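Colleague: from the sequence below, what's the structure:
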Amino acid sequence: MSTNDDGVTGKKILVGGSSLKKSSPEQDIKPTSNSAAQKAAKLRQQAKDLMKEAETAELALQLTKERSAKTLNAKLDEICLELKRSLTDYVVELEVDDAIEPKYEEALAEKLRERRYSFKTMIQLVERIHVLTSATPKIRLNRDGGIEGDFNIGGIRAESDAESIKELPNFADILIAAQDLVDDNANRLNTGETRGKEYKSVAPTLKARLKDLRRADTEEYERNLSRILNSGDAGSVEGNLVNGFAVETLGEQNVTIQIDGKDFTGSKFNMTRLMEDIIQVPMWVPSSILPFLVANPTEIDEEDVKKIRSEVLKESQFRIISSDSMRFAAVFRGTFVEKKRASSIATLSSGEVSKGGERSAVKDTESKESLSEVTFRDIQSRLVSSGLDSKIQLFLMEDPEWRPSDREDEPDPTILAVSTSVVPEQAAEGGATKKFIAVLSIISTIFATFAYAVSGYALNPKFFNAVVNNSDVSVVSSCLPVFIGVFALSALHEAAHYIAAEISDVKLGLPVPLPSLQIGTFGCITPLRSFPRSRTALFDVAMSGPLVTALASIVIMVTGLSMTIQSSPEALSNLATVPAALFKTSFLVGSITSFLAPKVMAIPLSQPIPVHPAFLVGFAGLVISVLNMLPIGRLDGGRASTALFGRRSAYFVSLASLSFLAIAALTQTSAISIFFGLLVTVFQRNAEIPLQDELTEINNIRAIIFLFAAVLTVLTLTPFPGGIAI
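Modeller: Residues are numbered from 1 along each chain as shown. Modelled structure (predicted):
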């Protein structure tokens, strides 16, 4: 039996016959608290000691890295000076013999063959030369809020004996060109230690590395500049230049802006963010897709970008040289390789050079064209297999950053990845204003076409007397065949577009007609609602409408002339009546008339001539078709020009065609060019939307069709001798 006595502190307690002394709570807690405090202090001291050790180790590592970097830079500077001296000696030889054509690359290549630097050394050498000769200024904010930095373009920023390298701002480009010669020679000879092996080219990787370094410098400069512009209080106009511009332009309250026909409503802050996104878009985002990217700013996941590299592109015939990404897009730069090389290249990292380097790239133009189509089709199927096709869409296009001044003869292929939510919107459905303009255009076209039909009968004596003298408007019904015929040809034009679009899997928006004071209508604006798969698809959709309508119009026009010739005098008195000058407004029309009714071409220009309404329908349809086949912007001819020549060349073709219209309008040699040129400049001057495959060219048959359309356009718009233009 146990006895408990806990009334007094320190009393003994019997528990199972044993005697224990009971302690007070204060006595129990005090030793425990002291022990915990001592332990905590000890741990804190250990942590401080470890922190000091880490700082010491980190400092030692940093010093080691700095010493290593300094040693490496000194070594690289010696190489730079040695290479520079070889160029100096070569320049001295040139001064002795002026007849020698300067070939700095060959002089440097001879030194590289002699020294045989390693692949790693060449990469480090390019990086070092870039640091020494970089032309991108470094800017930053000082404590006083001012801008400071290195603005000595082309100068040297490193203190070393290699200072004289600043005299050669293009030294890195010369070095890479020299290495390219070395690679060419090694691949051609394939002797020495490379006998029986494929030579590993170095120049392509050097070129890609230098391009990445320059791009990184430019982007760093732009980021620093953006931070300077946006520094200060975000709510202060004075403290934030971009935000201040947004406030002054858009106002303090909720605002609505319109981009590519789509309304964006948001607060001042959101609008500022949108403007900053636009300002900070990298140069590798093509301008053709930028409006749609801004209108649908859906971010792409970084994991999806990695998956594209590892699962979609890795084992394809597209070898990645470099890549970049932003919140809304990613770009992969590279080149095409032969199928037999694809498996070996897949084992290499994206930054490495494959066996044979650029020699594995297909240089033959025809092979490259077919290879691009096959490769991109395979990449698209891989995208579907990876499950990314519901989130990501890919575009194969030329490098947007390439310029004619670059050393490459032509731009490298690139693959752009954006969200599937990025789609071309139809501007006509973008808002109430656009819808009102579309409805107004339709009504105007109806009245203009009816006016064209009535004008065809205005010179007919019977028609004139009935309407003017007798107020008999019933005769106006005789104009309906022309009115209906012109609209029927317009409908045929659009039907051909939609049939071709269905075959080519291209979605089209609702057509919006444009009125014309001369021929009733200039045709319709038919927007693309999806990105065409290829240049071939774009060509088929574009040329189907005007070509079918032009051929049908010629047939109708010839039929109208034949029916006019066969008409009796009684019937001729009831037909449409036009001036003889109309037949000489077009060389093609005049030639057809000269063949079918040669006497008509001898009549004075002001003499009224009866003609069957079918001729007026065919004439209007022909003029509408050839105007739309002009290679300008988003006209049918502009789309076909983009498909045939590519986006870059098509731009200059479009500019030349617009200049032609401007000259015709200013010299008053063509009345129709004034109104048509104005409408095209306002509504259709922009380049066409991006294509999924912009590299694969159209075949020769389609090129011949384009040539035929161009000849038909010139023959139609050129006046017949003795006549005036339309």
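
Colleague: how close does residue 483 get to residue 71?
Modeller: 87 Å (C-beta to C-beta, to the nearest Å). Every residue, glycine included, has its C-beta placed from N, CA and C.

Colleague: same question for residue 529.
Modeller: From residue 529 to residue 71 the distance is 61 Å (C-beta to C-beta).

Colleague: of the two, which one has the most company?
Modeller: Neighbours per residue, other C-beta atoms under 10 Å: of residue 529 and residue 71, the larger number sits with residue 529, 17 against 10.

Colleague: next up, phi/psi of the more buried one, please.
Modeller: Main-chain torsions, residue 529, degrees, to the nearest 10: phi -100, psi 0.

Colleague: how about it, nearest residue that isn't a chain neighbour?
Modeller: residue 507 (3.9 Å; C-beta to C-beta, 6 or more residues apart in numbering).

Colleague: what's the burial count for residue 540?
Modeller: The tally of other residues near residue 540 (other C-beta under 10 Å) stands at 23.

Colleague: mind checking which helix or strand residue 372 is in?
Modeller: helix 365-385 (DSSP states H and E).

Colleague: what's the answer for residue 216, then?
Modeller: helix 203-229.

Colleague: buried stuff in that helix?
Modeller: 203-215, 217, 224, 228-229 (16 or more other C-beta atoms under 10 Å).

Colleague: low-confidence ranges, the stretch 51-200 of the chain, go.
Modeller: 88, 90-103, 134-169, 190-199 (pLDDT under 70).

Colleague: got the CA coordinates for stretch 505-514 in CSV?
Modeller: C-alpha atoms of stretch 505-514 as CSV (Å, rounded to 0.1, in the frame of the first residue of the first chain):
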residue,chain,number,x,y,z
ASP,A,505,-8.0,23.6,-94.7
VAL,A,506,-7.9,27.4,-94.4
LYS,A,507,-10.7,29.2,-92.6
LEU,A,508,-12.0,32.4,-94.2
GLY,A,509,-13.9,35.3,-92.6
LEU,A,510,-17.0,37.0,-94.0
PRO,A,511,-16.3,39.0,-97.1
VAL,A,512,-16.8,42.8,-97.0
PRO,A,513,-17.4,44.4,-100.5
LEU,A,514,-15.8,47.7,-101.5
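
Colleague: remind me, longest helix of this structure?
Modeller: In the chain, taking DSSP state H as the definition, the longest helix is helix 25-96.

Colleague: so which elements touch the helix or strand following that helix?
Modeller: Downstream of helix 25-96, the first helix or strand assigned by DSSP H and E is helix 104-115. Counting contacts by 3 or more C-beta pairs under 8 Å, 6 or more residues apart in numbering; DSSP states H and E, helix 104-115 packs against helix 25-96, helix 171-189.

Colleague: report the buried residues of the shortest one.
Modeller: Within helix 171-189, the residues that count as buried by 16+ other C-beta under 10 Å are 171-184, 186-187.

Colleague: tell me the one of those nearest residue 47?
Modeller: The closest of the buried residues of helix 171-189 to residue 47 turns out to be residue 172 (C-beta to C-beta; 48.4 Å).

Colleague: how about the strands in this protein?
Modeller: Ranges of strands in the chain, per DSSP state E, are 12-15, 18-21, 138-141, 147-150, 255-259, 262-266, 318-325, 329-336, 392-398, 413-419, 512-516, 520-525, 576-579, 608-611.

Colleague: where does the prediction get shaky in this structure?
Modeller: Residue ranges of the chain with pLDDT under 70: 1-33, 88, 90-103, 134-169, 190-199, 222-280, 338-369, 405-409, 425-431, 668.

Colleague: what residue lies at the spatial centre of it?
Modeller: For the chain, the residue nearest the mean C-alpha position is residue 286 (2.4 Å; C-alpha atoms, centre = their mean).

Colleague: next up, phi/psi of that residue, please.
Modeller: Here residue 286 shows phi and psi, under degrees, to the nearest 10, equal to phi -60, psi 140.

Colleague: wait, what's in contact with it?
Modeller: Contacts of residue 286 were listed using C-beta atoms under 8 Å, 6 or more residues apart in numbering, and they are 395, 397, 400, 416, 690.

Colleague: and with 10 Å instead?
Modeller: For residue 286, the contact set (C-beta atoms under 10 Å, 6 or more residues apart in numbering) comprises 293, 329, 331, 395, 397-401, 414, 416, 647, 690, 694.

Colleague: which one of those is nearest residue 706?
Modeller: Ranked by distance to residue 706 (C-beta to C-beta), these are led by residue 647 at 15.8 Å.

Colleague: thought residue 639 was touching the closest one, still the case?
Modeller: No - between residue 647 and residue 639 no contact is recorded; they are 11.1 Å apart, counting by C-beta atoms under 10 Å.

Colleague: list the residues that contact both of these two?
Modeller: 535, 687, 688, 691.

Colleague: in helices only, show me those.
Modeller: Judged by DSSP H, helices contain the following of the shared contacts of residue 647 and residue 639: residue 535.

Colleague: about what we covered before: tell me the most buried of the helices and strands packed on helix 104-115?
Modeller: Mean neighbours per residue, mean count of other C-beta atoms under 10 Å, is largest over these for helix 171-189, with a mean of 20.

Colleague: packing partners of it?
Modeller: helix 25-96, helix 104-115, helix 119-133, helix 203-229 (3 or more C-beta pairs under 10 Å, 6 or more residues apart in numbering; DSSP states H and E).

Colleague: got the angle for that helix vs helix 25-96?
Modeller: Going by axes from the mean of the first three to the mean of the last three C-alpha atoms, to 10 degrees, helix 171-189 is angled at 70 degrees with respect to helix 25-96.

Colleague: from the chain's centroid, how far away is helix 171-189?
Modeller: With C-alpha atoms, centre = their mean, to the nearest Å as the basis, helix 171-189 stands 32 Å off its chain's centre.

Colleague: the chain should start at 36 in everything you say after this.
Modeller: Understood, numbering begins at 36; the last thing we discussed is helix 206-224.

Colleague: may I have that helix as PDB, with CA atoms only?
Modeller: The C-alpha coordinates for helix 206-224 follow below in PDB (Å, rounded to 0.1, in the frame of the first residue of the first chain):
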ATOM      1  CA  PHE A 206      37.800  40.900 -85.300                       C
ATOM      2  CA  ALA A 207      35.400  38.200 -84.100                       C
ATOM      3  CA  ASP A 208      33.700  38.000 -87.500                       C
ATOM      4  CA  ILE A 209      37.100  37.800 -89.300                       C
ATOM      5  CA  LEU A 210      38.200  35.000 -86.900                       C
ATOM      6  CA  ILE A 211      35.000  33.000 -87.600                       C
ATOM      7  CA  ALA A 212      35.400  33.500 -91.400                       C
ATOM      8  CA  ALA A 213      39.000  32.300 -91.100                       C
ATOM      9  CA  GLN A 214      37.800  29.200 -89.100                       C
ATOM     10  CA  ASP A 215      35.300  28.600 -91.800                       C
ATOM     11  CA  LEU A 216      38.100  28.400 -94.300                       C
ATOM     12  CA  VAL A 217      40.000  26.000 -92.000                       C
ATOM     13  CA  ASP A 218      36.900  23.800 -91.800                       C
ATOM     14  CA  ASP A 219      36.400  23.900 -95.600                       C
ATOM     15  CA  ASN A 220      40.000  22.800 -96.100                       C
ATOM     16  CA  ALA A 221      39.800  20.100 -93.500                       C
ATOM     17  CA  ASN A 222      36.600  18.700 -94.900                       C
ATOM     18  CA  ARG A 223      38.100  18.800 -98.400                       C
ATOM     19  CA  LEU A 224      41.400  17.100 -97.600                       C
END
